[in-house]
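Peer 1: take a look and give me a structure for this.
(one chain, ligands or ions: 1)
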Amino acid sequence: MQQDETISAIATPAGEGGIGIIRMSGEHAVDIADKIFRNFKGKAIGQFPPRKALYGHVINEKQVIVDEAICIVMYAPNSYTCEDVVEIQCHGGSVVMREILDLTLRLGARLAQPGEFTKRAFLNGRIDLSQAQAVMDVINAKTKASLAVAMEHLSGDFSDKIKKIRHEILSMIAHLEASIDFPEDDIEALDMDDIRERIKLISAKIKLIADSAETGIILREGLKTAIIGKPNAGKSSIMNLLLGQERAIVTDVPGTTRDSIEEYVNLGGIPLRLIDTAGIRETDDVVEKIGVEKAYLYANRAELVLAVFDTAEELTDEDNEIISLLEKCTGNIIILLNKIDLEGEFRNDIVNKFKNYQNKKIRGIISISAKNGDGKEKLVNLVSDIVYGGKISKYESNVICDARQGEILRQATALLNESLNTIEMGMSEDFIVIDLRSAWEKLGEITGETLDDGIVDQIFSNFCIGK
Ligand code: GDP
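Peer 2: Now for the predicted structure:
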């Protein structure tokens, strides 16, 4: 089904690149393209087969050449949006792309809203909501593991799991309703114990997926990590060791100082979002280096604290302060006994400090050398254990959900529990059906089968324009 309005947007990133793509979707996309694209054979676009790369010029209303370009037409329903889609591949300059976009707008297209192409693909039934969300996750993926999860969702594997669960609930509803409608027909007498067991089984399946939300959020957004320790303990060296070859992504958060530069480290597939790396690296002046006070601030904000100690030196007051601040941390803590390539003379002194430690958040003490990389593997494995929590294997990426989906799953579990209570109280089948139906509807919000427009709009508003 084509929407009335034809939308248009620059689909490639802002700025300059080799190629830029202007994408249109909707009823008039081909008409508009015909007016602004002149191929060298002098034929109308419609005279060529679909999905053929046509070479020609983009011209404006005064027949002035704007750029040399390739034009590709995909007719409904065989396109990203299931509508007529035209992509014009021009040179990737911001002026030329803007000029072509403006041309399409002057000829009747409307500027696409963020995510509107994908939203149309969803509304036209080509993909479901979970797949649509995955489109942005693929684009934003910070590590291969994040990408693997996003691809499982995009391919529909995740949705299939949810659909199967919904189907199981629906077949129970049908079963119960049949016994309500034909009470005297006792061929398939209702076995309440069986229904109860089936509900419990479904609940357990849902819980498994809901529990993965935390992992999903980390793989999507990164694990907020602080590296703390006294000056010269080796924080920057540890950071460089972690950054290694896989130096990931640096994002400049708009409107903030460079203090909030976000740097991602790819640790065995898990993106660590380092807090204030500028503060760690910026200066060689020892006094200026991250002080204990600042360390406290960072450690408090972090989901993972890497506390670095120098095993080649006697513990100082600053070390002791750090040890006591760790006691109050709520995030996961890993103690790194650094410089183990040297004698490591004071290693046991540090370990002893944690012997009677109360904070259960200390997940491990690892001897490491930022200099030669010893211990890095152990650190990678430990972080992986923390993130995957032993609940799911890192290879089961098709069960990992995100925060919104996790919340829906939790609510669905509550509704299923409600139905178990209803059975327990000996209430009639009608009431059990009501609870089961609510759970079934709730789960439909994941794939978008049962969802109000407001939430759909809100989800797509987080997309980028042109996608
Ligand atoms: P920061 O102040 O905590 O960021 O510490 P740095 O990373 O700047 O390290 C302080 C000094 O210790 C530097 O001279 C590093 O080269 C040295 N260093 C750091 N880690 C190690 C290590 O594992 N082994 C050895 N031998 N030296 C290290």
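Peer 1: starting at the chain centroid, how far to stretch 316-331?
Peer 2: Relative to the centre of its chain, stretch 316-331 is centred 33 Å away, using CA atoms, centre = their mean, to the nearest Å.
Peer 1: name the residues of it that are buried.
Peer 2: Buried residues in stretch 316-331, counted by 16 or more other CB atoms under 10 Å: 319, 321-323, 325-326, 329, 331. Quick note: C-beta positions are derived from backbone N, CA and C, even for glycine.
Peer 1: try stretch 146-156
Peer 2: Applying a neighbour-count criterion of 16+ other CB under 10 Å, one finds 146-154, 156 buried in stretch 146-156.
Peer 1: and of those residues, the nearest to the ligand?
Peer 2: S146 (27.9 Å; CB to the nearest ligand atom).
Peer 1: which residues touch the closest one?
Peer 2: Applying CB atoms under 8 Å, 6 or more residues apart in numbering to S146 gives the contacts 137, 140, 219-220, 269, 271.
Peer 1: related to what we said a few turns ago, could the buried residues of stretch 146-156 go into a markdown table alongside distance to the ligand, pLDDT and secondary structure?
Peer 2: Listed next are those as a markdown table, based on distance: CB to the nearest ligand atom, whole Å; pLDDT from 0 to 100; DSSP: H, G, I helix; E, B strand; the rest coil:
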| residue | distance to the ligand | pLDDT | secondary structure |
| --- | --- | --- | --- |
| S146 | 28 | 88 | helix |
| L147 | 31 | 91 | helix |
| A148 | 32 | 89 | helix |
| V149 | 33 | 89 | helix |
| A150 | 34 | 91 | helix |
| M151 | 37 | 91 | helix |
| E152 | 38 | 90 | helix |
| H153 | 39 | 91 | helix |
| L154 | 40 | 93 | helix |
| G156 | 46 | 92 | coil |
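Peer 1: pick out the most distant pair among those residues.
Peer 2: S146 and G156 (18.3 Å; CB to CB).
Peer 1: any idea where the helices of the stretch 51-200 of the chain begin and end?
Peer 2: 94-106, 116-123, 129-140, 144-154, 157-181, 192-210 (DSSP state H, counting those that start in this stretch).
Peer 1: to V73, which of the ones you listed lies closest?
Peer 2: Nearest of the helices of the stretch 51-200 of the chain to V73, taken as CB to CB: helix 94-106 at 13.9 Å.
Peer 1: packing partners of the closest one?
Peer 2: In terms of contacts (3 or more CB pairs under 8 Å, 6 or more residues apart in numbering; DSSP states H and E), helix 94-106 is packed against strand 7-10, strand 17-25, helix 29-36, strand 65-74, strand 85-92.
Peer 1: I'd like the next helix or strand past the lowest-mean-pLDDT helix or strand in the chain.
Peer 2: Lowest mean confidence among the helices and strands of the chain (mean pLDDT, DSSP states H and E): strand 250-251, at a mean of 40. Using DSSP states H and E, the helix or strand that follows strand 250-251 in sequence is strand 262-267.
Peer 1: helix or strand right after that next one?
Peer 2: Remark: after strand 262-267, the chain's next helix or strand is strand 270-274, criterion DSSP H and E.
Peer 1: pairing partners for that following strand, with directions?
Peer 2: Sheet pairing here is set by DSSP bridges, and for strand 270-274 it gives strand 223-228 (parallel), strand 262-267 (antiparallel).
Peer 1: give me the contact list for the helix or strand just after the first one.
Peer 2: Put plainly, it is strand 223-228. Beyond strand 223-228 on the C-terminal side, the first helix or strand identified by DSSP H and E is helix 235-243. Helix 235-243 is contacted from outside by 227-229, 263, 265, 267, 272, 274, 277, 280-281, 290, 306, 308, 336, 338, 368, 370-371, 373, 376, using CB under 8 Å, 6+ apart.
Peer 1: show me how far helix 235-243 is from its chain's centre.
Peer 2: For helix 235-243, the distance to the chain centre is 26 Å (CA atoms, centre = their mean).
Peer 1: and E314, what does it touch?
Peer 2: Per CB under 8 Å, 6+ apart, neighbours of E314: 346, 349.
Peer 1: D349 versus that one, what's the distance?
Peer 2: With distances taken as CB to CB, to the nearest Å, E314 is found 7 Å from D349.
Peer 1: give the contact list for E87.
Peer 2: 11, 21-24, 71-72, 74 are the contacts of E87 under CB under 8 Å, 6+ apart.
Peer 1: rewinding a little: indicate which one of the helices of the stretch 51-200 of the chain is closest to G448.
Peer 2: helix 129-140 (2.9 Å).
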